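Engineer: Any chance you can model this:
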Amino acid sequence: MGINFKISDEVLGIFVPIFIYWIYAGIVAVIETAFPKYKMQTTEEQDEKNLVYRSTVIKGVLVQQSLQAIIAALLFLLTGGANPHDVHAAAHAAAGGGTGAGASACRYIIQFATAMVVMDTWQYFMHRYMHQNKFLYKHIHSHHHRLVAPYAFGAFYNHPLEGLMVDTMSGAISFLVSGMSTRASIFFFSFATIKAVDDHSGLWIPWNPLHVFFRNNSGYHALHHQLHGTKYNFSQPFFVFWDIILATYYMPQVDHKNEDKQK
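Structural biologist: Numbering: from 1, shown residues only. Predicted coordinates for the structure are as follows:
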């Protein structure tokens with residue numbers, strides 16, 4: 001008799017985004033080695049400008065991901081991994097009503113869009129406040145800005161309190177408000193992770209689809225990490241509408257080295 005081994009959606013929801021983080025960061029490392037012309041700053045320039053060792057960044061990210069895993073486990077435990085929308089849809093289908101692939105796809109699109117807006121809203125205002133409050137910036141958010149020239153695997157390098165208040169809380173709230181299932185959350189948070197890593201990659205690749213569809217990209221975020229850009233571009237990780245609405249959007253014409261073009 002064979003052993004039926006199945007990994008639950010809850011376990012996948014906890015660990016897949018973490019694995020995706022390091023896998024995509026590794027892919028970025030391969031790309032920047034193969035195509036150094038797309039790096040906004042060289043590795044030597046990154047190491048010279050940054051105020052923290054890469055080994056320290058790795059340790060910080062692992063701490064952040066450990067906290068993330070604990071909160072995700074508690075969230076799935078408290079919610080039971082199911083959302084009311086999916087339970088209602090399953091009951092309706094069992095009664096012979098059916099939902100149809102189109103209706104299901106529409107529901108998932110709405111859930112993902114809602115989660116993206118909620119996450120962006122939470123992170124914009126929390127991120128901006130971290131900059132405006134001198135105490136919070138000095139003792140908490142400045143940890144992330146030790147990466148003056150960010151790189152891919154430093155995307156989640158934060159003070160643990162910021163990681164909890166900004167990243168983890170925005171994920172938990174977007175999950176609850178959108179009503180997505182645990183299985184849907186695997187895909188959503190994996191994409192959000194890819195987006196965050198790409199935004200901190202230090203690469204400006206013209207054919208990158210994330211740059212085509214999102215104005216919030218690696219060039220936009222790299223500018224925020226520069227000294228003259230810390231008062232702008234607080235949006236993360238998807239859209240820039242809050243920056244535009246509240247007049248904190250700043251994206252001058254830049255070349256692939258992320259330097260303002262002189263006219």
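Engineer: Tell me which stretches of the stretch 51-200 of the chain form strands.
Structural biologist: Here the stretch 51-200 of the chain has no strands by DSSP state E, counting those that start in this stretch.
Engineer: so where's it shaky on pLDDT?
Structural biologist: Within the stretch 51-200 of the chain, the ranges that satisfy pLDDT under 70 run 81-101.
Engineer: swap the cut-off to 50 and go again
Structural biologist: The stretch 51-200 of the chain contains residues with pLDDT under 50 at 84, 87-96.
Engineer: Quick one: the helices in it, in order.
Structural biologist: In the stretch 51-200 of the chain, the segments counted as helices under DSSP state H, counting those that start in this stretch are 54-79, 84-94, 100-132, 134-139, 160-162, 169-178, 182-199.
Engineer: With distance to Asp243 added, can I get the ones you listed in a markdown table?
Structural biologist: Placement of C-beta: from N, CA and C, glycine included. Formatted as a markdown table, the entries for these read as follows, by distance: least, Cβ to Cβ, whole Å:
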| stretch | distance to Asp243 |
| --- | --- |
| helix 54-79 | 24 |
| helix 84-94 | 31 |
| helix 100-132 | 7 |
| helix 134-139 | 18 |
| helix 160-162 | 19 |
| helix 169-178 | 16 |
| helix 182-199 | 14 |
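Engineer: Just put the ones you listed in CSV and tack on mean neighbour count.
Structural biologist: Compiled in CSV, the helices of the stretch 51-200 of the chain are given as follows (neighbours: other Cβ atoms under 10 Å):
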stretch, mean neighbour count
helix 54-79, 16
helix 84-94, 13
helix 100-132, 17
helix 134-139, 12
helix 160-162, 17
helix 169-178, 20
helix 182-199, 22
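Engineer: Select, out of the ones you listed, the one closest to His225.
Structural biologist: Closest of these to His225 is helix 182-199, at 10.2 Å (criterion: Cβ to Cβ).
Engineer: re the thing from before, out of the helices of the stretch 51-200 of the chain, nearest to Val30?
Structural biologist: Closest to Val30 of these is helix 182-199 (Cβ to Cβ; 13.3 Å).
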